[in-house]
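In: need a structure here:
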Amino acid sequence: MVKRQGNLPNRAGTTAPAASEDPVQMADTAVREQLDALIRKSGQGYADVSRLIGRNAAYVQQFIKRGVPKRLGEQERRLLAAHFGVSEAVLGGPPQSSARLATESARHVLIEVPFLQSRSCHRPAPRLRIDGSLVSRLAAGRAASLAAMVVEGDSMAPTLLAGDHLLVDLSDSLPPRDGLYAIESDSAPLVKRLSVNPATHRVAILSDNVAYPSFPDCAPDAIGILGRVVWMGRPMA
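Out: Next up, the predicted model:
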């Protein structure tokens, strides 16, 4: 008796799968392909998605291209499913996971957003854990571009107070529009109100607290704009 090897033509002339194909291995491959397709559709990079789930920049690429780790961890799978709005089953979760359950559970998923640091700081950034559904509403498809800040001082009072938590969309910097922006400074990023002159397109840097100076006529590309403030959180007294 000859042992069957590889893929051989059947009686209909088509190729039949080899008996040695492992359904578990095929399922793992399908998960990697599904995640790759979701990332490509979102326009994000592997490194962006890796940071979104709190992993090193190479984590997602290694998982998709090399199968390392062999399967996503439960926490990583849950965060990715919530971020892309799919069932965990699509990413290798239990079969009973459904899109409806994934949508509901997304309300309770905490996503880690790195704090904004000065460009001269090379230490790993601490992270703010925030509700995943809020992040999705603020920056649909751009969650990896968000950074967190804590307000220091009173230069933007009464709009912003010391201790307020902010989310900044780093993908929304130039050209600026009227609004609150995080900008680079000598010591640490700070928030100021930017007002654009519609005729000259020059920008005024304003402090809401009149006790602090403002700068009425600046070139946008000379300011060092980091991103637009999209959310503020403050505990009620």
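
In: doesn't Ala148 lie inside a helix?
Out: No - Ala148 is assigned strand when assessed by DSSP: H, G, I helix; E, B strand; the rest coil, not a helix.

In: distance of Glu33 relative to Gly45?
Out: For Glu33, the distance to Gly45 equals 17 Å [Cβ to Cβ, to the nearest Å]. C-beta: built from backbone N, CA, C; applies to glycine.

In: so between those two, which is more surrounded?
Out: More crowded of Glu33 and Gly45, by other Cβ atoms under 10 Å: Gly45, with 15 against 11.

In: my guess is Pro158 contacts Ala211. True?
Out: No - taking contacts as Cβ atoms under 8 Å, Pro158 lies outside contact range of Ala211: 12.0 Å.

In: show the pLDDT at Pro220.
Out: Note on Pro220: pLDDT of 88.

In: state the phi and psi torsions of the nearest residue to it once chain neighbours are set aside.
Out: Nearest non-adjacent residue to Pro220, counting by Cβ to Cβ, 6 or more residues apart in numbering: Val203, 5.1 Å away. Main-chain torsions, Val203, degrees, to the nearest 10: phi -120, psi 140.

In: per-residue pLDDT, Val203?
Out: Looking at Val203, its pLDDT reads 95.

In: the one 3 residues further on now?
Out: Reading off the per-residue confidence, Leu206 sits at a pLDDT of 95.

In: and the gap between it and Leu138?
Out: Leu206 is 24 Å from Leu138, where distance means Cβ to Cβ.

In: more crowded one of those two?
Out: Leu206 (20 against 15).

In: report the contact partners of that one.
Out: 192-195, 214 (Cβ atoms under 8 Å, 6 or more residues apart in numbering).

In: out of those residues, who's the most crowded?
Out: Counting neighbours by other Cβ under 10 Å, Lys192 leads the contacts of Leu206 with 24 neighbours.

In: which SS state does Leu79 fall under?
Out: Leu79 - assigned by three-state DSSP - is helix.

In: nearest residue to it in space, please, no chain neighbours.
Out: Ile53 (4.5 Å).
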